[in-house]
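Give me a 3D structure for the following:
(chains A, B and C)
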Amino acid sequence: MLEVKNLEKSYQKDKTALKDISFSIEPGKFVAIIGPSGAGKTTILRSLNQLIKDDSGQILLDNQDLRTANKAELRKHRRQIGMIFQNYNLVERLTVIENVLHGRLGYKSTLAGVFGRYTEDEKKEAMVLLDKVGLKEFALQRCSELSGGQKQRVGIARSLIQHPKVILCDEPIASLDPISAQTVMQLLKELTEEFNIICIANLHQINIAKKYADQIIGIRKGELVFDEPAADLSEATLAELYDQPVTKELK
Amino acid sequence: MISNSNETVFQRQPEAPQSEKIILHKNSLSRVMIGFVLMGLAVITVFTLLHLDSANVQLGEAFHSLRETLTQIFIHPNVGSDSFSMLLSALGISLLLAIITTIIGAVIGFFLAIMASRNLTNRYLSAGIRVFMAVVRAIPTIIWVLIFSIVCGLGTTAAVLGLSFHSVAYLTKAYSESIEEIDQSTIEALKVTGSKFWVIVFQAIWPTTMASLISWTFIRLEINFANAVAVGAAAGAGGIGYQLFVAGNMSFDFHEVGMIVYMVIAVTFLLEFVAVKLRRVYLAK
Amino acid sequence: MTGSIKYLSQKHWRQTGVIALVGAIYLICSWILQYNNLAGITAVPKAFAWLGTNFMPTADSMSHVPQIWTKLMQTVLLAIASTVVAAVIAIFVALLGSKVTGFNWVVQTATRGIASFFRNIPLVAWAMILLFSFKQSDFTGFLALLLMSVGYLIRAFMEIIEDEASETTLALKATGASYFQIIFQAVLPQILPSLISWVLYMIENNVRDATLVGILTGTGIGFIFDLYYKSFRFDAAGMTVLAIILVVIILEVLSNQIRKVIL
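Model (predicted):
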């Protein structure tokens, strides 16, 4: 269970990026955060694993507050939270399986991690996960040789090997073609249910959010506009979010 | 190198049956090459350092004296036996030398770059210019200046010509690389309208590569200023470099060396500042 | 319509203005420097003609080859060693000073300032300062090249880290990896090829600069060229230049081939 209470953040004085954001998410739920560009979607997502330090509020993952954690505790929290990026953020020169195994670094001693010593079990699990995302034959390829959709699936495998409770997806399909985007979204949805994790994705496309998400959160100018089950979302609410009718985007 | 790439082929074969141990990467050519280069450089460095001739200098004493010299230079600079205005005019001479040779290098370099770019001219012309420029570039600037100083005597003309030669060669290479990065379709779009060669150059190539040409030119201006100082000192070609040489190697007045060093640094900072400003103006357009 | 015509004519005038300005600067420069353009242009063919007759190595100058070769190899080794040591120092400093992997903005700003300072002190000044304390030895040349290269490499490495490693650093931070794990598993593997490419470039450059340093500090190939040049043994000086050309071009071709494979 992930609970966010009264989260606030401002980058400069008088310029608030997030105002009093609160929501909670049950395990096994796929949540989409939508809203206009610059509304604060990325800030929320990156606050959840403290890549951005917020100013006040509470972020509770299974009743433990991430915000008050010290450096070592924060690393332990972070390994329970996988993250997927718009630009994949892989080490392009390393192989697919090496990138997947990077997800284990948070569990290893500094020295073992520095030298990249992984156990056979970890390697086997990496292969199983690569099989799951359909990239088993690519394990020894360099990531720079993959297509965008394939790279994003490596990113998914990297987050899964962390044994996460939460996966954060920062615009996961914004750089992908429509077919790859569908594959990635379908995969995320299935894995969320299979592993009973929380998946939170920033999305630009409302139709995709409605199609895959269980719950949709709308953000506008740093404020939470709505937090509803995807099925209940009305066009009127969306129009309020974007300041204009959104009939076209829904089709 | 060849034996290494053979090894990679051998290692790839037993990959399939090896099921209990999962390997993380293949020995690709690029990995092997990186290892090879790093190893080679390390071996050469260790060998060189072990055989370095230090002319029996006592290192402790030398570092002690170095510290004193550095204090004189950086903490207590003064104009020494020369006047400040005299050093300033020498500095100006070096700066002007850098500017004039950069202009010569840029103008000649641009036309040579057009002819050396593979997407604009035929293979033989471009290859010919490239090889010639590589040879010119291979000869250090100081040697160019010394060569010209035999023919036209030690002085401005030799310095200008010597510095220009290297500038032309450097900028030809830099410019032609920028020009080769242009999208071929931009050139073709003008070609199909029946435009003449030089029209294409000045309507398509010049505007699209402007920003990067300007960057390269200013990088070269900075290099030329450093070179102008250097040839002044090593070839006696005048300017602030010569004053530096006199102060440091003849009168051993390190206070004056310090003053000159600060003046040179001030100019290089100024050049960097102007380059950043100009780049911003041109990139904004 | 008229607006766009106006824009085009304005642009035309501005371009003409810039060209006129550059021309004026050129003329002013040559006037102050008392550089005679005509003499300059006519000097070029004269110089090459002179080179053709006097600088041509003769059968006689072959006897100098072993000496030239030894000095040249010394110079190349010195250039490589100084670049490699500079690179090792620079990578540590760049990691401390880059925006991606650096500690805090104080260290970052300080690093930038120091790098820029080292880069901008003229090589000649380094050579003379060191010559005074370390006398006429290879060690002087080594230190001069080292100090110069460090400044350049720190800046280059910081830019490489910021350009190529910021995204992966963020991703590994999010997995809970520690600082040193991120450096060794993400930053270094990602930037290694670009680092090597810069080191190779710097080696080429240092071989050329070593000639200058050699003239000033009386070591290596610069010393031997200066010796032949000042004693009017131009055929041997020509031989030296040929040897330099040969080695620099071999280095350039070799590093281009290495770059093709690793990048």
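
Is stretch C:104-122 in proximity to chain B?
Yes. Against chain B, stretch C:104-122 shows contacts by Cβ under 8 Å from any Cβ of the partner chain at C:S116, C:F117, C:N120, C:I121, C:P122. Just so you know, the C-beta spots here come from the backbone N, C-alpha and C atoms, and that holds for glycine as well.

okay, now A:I97: neighbour count?
25 (other Cβ atoms under 10 Å in any protein chain shown).

ok, and the closest non-adjacent residue to it?
A:A139 (4.4 Å; Cβ to Cβ, 6 or more residues apart in numbering or on different chains).

Could you identify the buried members of the residues of stretch C:104-122 next to chain B?
Buried by 16 or more other Cβ atoms under 10 Å in any protein chain shown: C:S116, C:N120, C:I121, C:P122, out of the residues of stretch C:104-122 next to chain B.

of all those residues, which comes closest to A:R79?
C:S116 (39.4 Å; Cβ to Cβ).

Quick one: residues contacting that closest one.
B:F269, B:E272, C:G151, C:R155 (Cβ atoms under 8 Å, 6 or more residues apart in numbering or on different chains).

Make JSON lines from those residues and add distance to chain A and neighbour count to it.
Listed next are those as JSON lines, based on distance: Cβ to the nearest Cβ, whole Å; neighbours: other Cβ atoms under 10 Å in any protein chain shown:
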{"residue": "B:F269", "distance to chain A": "30", "neighbour count": "13"}
{"residue": "B:E272", "distance to chain A": "29", "neighbour count": "17"}
{"residue": "C:G151", "distance to chain A": "27", "neighbour count": "19"}
{"residue": "C:R155", "distance to chain A": "23", "neighbour count": "19"}
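
Next step: these restricted to helices.
Of the contacts of C:S116, the ones assigned to helices by DSSP state H are B:F269, B:E272, C:G151, C:R155.

And the residue nearest the centre of the chain?
No chain specified, so I'll use chain A. A:L168 (1.5 Å; Cα atoms, centre = their mean).

meant chain B actually
Short answer for chain B (Cα atoms, centre = their mean): B:I223, at 5.9 Å.

Give me the pLDDT value at that residue.
Looking at B:I223, its pLDDT reads 90.

what does the domain assignment say about chain C?
Listed by automatic domain parsing, the domain ranges of chain C are C:2-55, C:60-262.

again with chain A
According to automatic domain parsing, the ranges for chain A are A:1-80+A:164-251, A:90-163.

Of those domains, flag the one that's most buried.
domain A:90-163 (a mean of 20; mean count of other Cβ atoms under 10 Å in any protein chain shown).

ok so, going back, which stretch of helix or strand covers the residue nearest to the centre of chain B?
Counting by DSSP states H and E, the element that carries B:I223 is helix B:206-235.

So that helix, near chain C or not?
Yes. Contact between helix B:206-235 and chain C, assessed by Cβ under 8 Å from any Cβ, occurs at B:A226, B:V229, B:A230, B:A233, B:A234.

Show the buried residues in those.
Applying 16+ other Cβ under 10 Å to these flags B:A226, B:V229, B:A230, B:A233, B:A234 as buried.

Is it correct that the third one is in contact with B:G241?
Yes. Under the criterion of Cβ atoms under 8 Å, B:A230 lies in contact with B:G241, with a separation of 6.1 Å.

shared neighbours of these two, anything?
Joint contacts of B:A230 and B:G241 (Cβ under 8 Å, 6+ apart) are C:P122, C:V124.

export the domains of chain C to JSON lines and tack on mean pLDDT?
What follows is these, written out as JSON lines (pLDDT from 0 to 100):
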{"stretch": "domain C:2-55", "mean pLDDT": "82"}
{"stretch": "domain C:60-262", "mean pLDDT": "90"}
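
buried set for stretch B:152-168?
Buried, per 16+ other Cβ under 10 Å, within stretch B:152-168: B:152, B:154-168.

Please flag which of those sit within helices.
Filtering those for helices - DSSP H - leaves B:152, B:156-168.

okay, those residues in CSV with distance to C:V93 next?
Formatted as CSV, these follow (distance: Cβ to Cβ, whole Å):
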residue, distance to C:V93
B:C152, 44
B:T156, 40
B:T157, 42
B:A158, 39
B:A159, 35
B:V160, 37
B:L161, 39
B:G162, 34
B:L163, 32
B:S164, 35
B:F165, 35
B:H166, 30
B:S167, 31
B:V168, 35
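
Just give me the closest of those to C:A87.
B:H166 (24.8 Å).

Present the residues of helix B:206-235 next to chain C as TSV; the columns should include pLDDT.
Shown next, in TSV, are the residues of helix B:206-235 next to chain C (pLDDT from 0 to 100):
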residue	pLDDT
B:A226	91
B:V229	91
B:A230	89
B:A233	83
B:A234	80
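
what about whichever strand or helix holds C:A171, near chain A?
Following DSSP H and E, one finds C:A171 within helix C:166-174. Yes. Helix C:166-174 lies within reach of chain A by Cβ under 8 Å from any Cβ, at C:E167, C:T168, C:L170, C:A171, C:L172, C:K173, C:A174.

Drop anything exposed from those.
Counted by 16+ other Cβ under 10 Å, those give C:E167, C:T168, C:L170, C:A171, C:L172, C:K173, C:A174 as buried.

so the second one touches A:N87, yeah?
Just to be clear, that refers to C:T168. No. Under the contact definition of Cβ under 8 Å, C:T168 does not touch A:N87, with a separation of 9.9 Å.

Just the ones in helices from the residues of stretch C:104-122 next to chain B, please.
Short answer: those in helices (DSSP H) are C:S116, C:F117, C:N120.

rewinding a little: hmm, who's touching the helix holding C:A171?
A:49, A:51, A:78, A:81-83, A:85, A:87, A:89-91, A:102, A:105, A:155, A:158, A:168, C:99-101, C:181-182, C:185-187, C:190.

Dump the C-alpha coordinates for it into PDB.
What follows is helix C:166-174, C-alpha atoms only, in PDB (Å, rounded to 0.1, in the frame of the first residue of the first chain):
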ATOM      1  CA  SER C 166      23.600  11.700 -16.700                       C
ATOM      2  CA  GLU C 167      20.600   9.500 -17.700                       C
ATOM      3  CA  THR C 168      22.100   6.200 -16.600                       C
ATOM      4  CA  THR C 169      23.400   7.600 -13.400                       C
ATOM      5  CA  LEU C 170      19.800   8.600 -12.600                       C
ATOM      6  CA  ALA C 171      18.500   5.200 -13.400                       C
ATOM      7  CA  LEU C 172      21.000   3.400 -11.200                       C
ATOM      8  CA  LYS C 173      20.400   5.900  -8.400                       C
ATOM      9  CA  ALA C 174      16.700   4.900  -8.600                       C
END
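
Could you check how far it is from the centre of its chain?
33 Å (Cα atoms, centre = their mean, to the nearest Å).

And stretch A:103-116, by the same measure?
22 Å.

Show me what it is in contact with.
A:75-76, A:78-79, A:82, A:98, A:101, A:117-118, A:122, A:157-162, B:24, C:172, C:175-178, C:180-181, C:183-185.

number of nearby residues for C:I262?
21.

Just the helices from the stretch 1-150 of chain A, written as ranges.
Using DSSP state H, counting those that start in this stretch, the helices of the stretch 1-150 of chain A run over A:41-48, A:71-78, A:96-101, A:110-114, A:120-132, A:148-160.

export the helix or strand just after the last one as PDB, just CAs?
What that stands for is helix A:148-160. Downstream of helix A:148-160, the first helix or strand assigned by DSSP H and E is strand A:166-169. Output of strand A:166-169 as PDB, limited to C-alpha atoms (Å, rounded to 0.1, in the frame of the first residue of the first chain):
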ATOM      1  CA  VAL A 166       6.200  -0.200  -6.800                       C
ATOM      2  CA  ILE A 167       7.200   0.600 -10.400                       C
ATOM      3  CA  LEU A 168       7.400   4.200 -11.400                       C
ATOM      4  CA  CYS A 169       7.100   4.900 -15.200                       C
END
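
That concludes my questions; thank you for your assistance.
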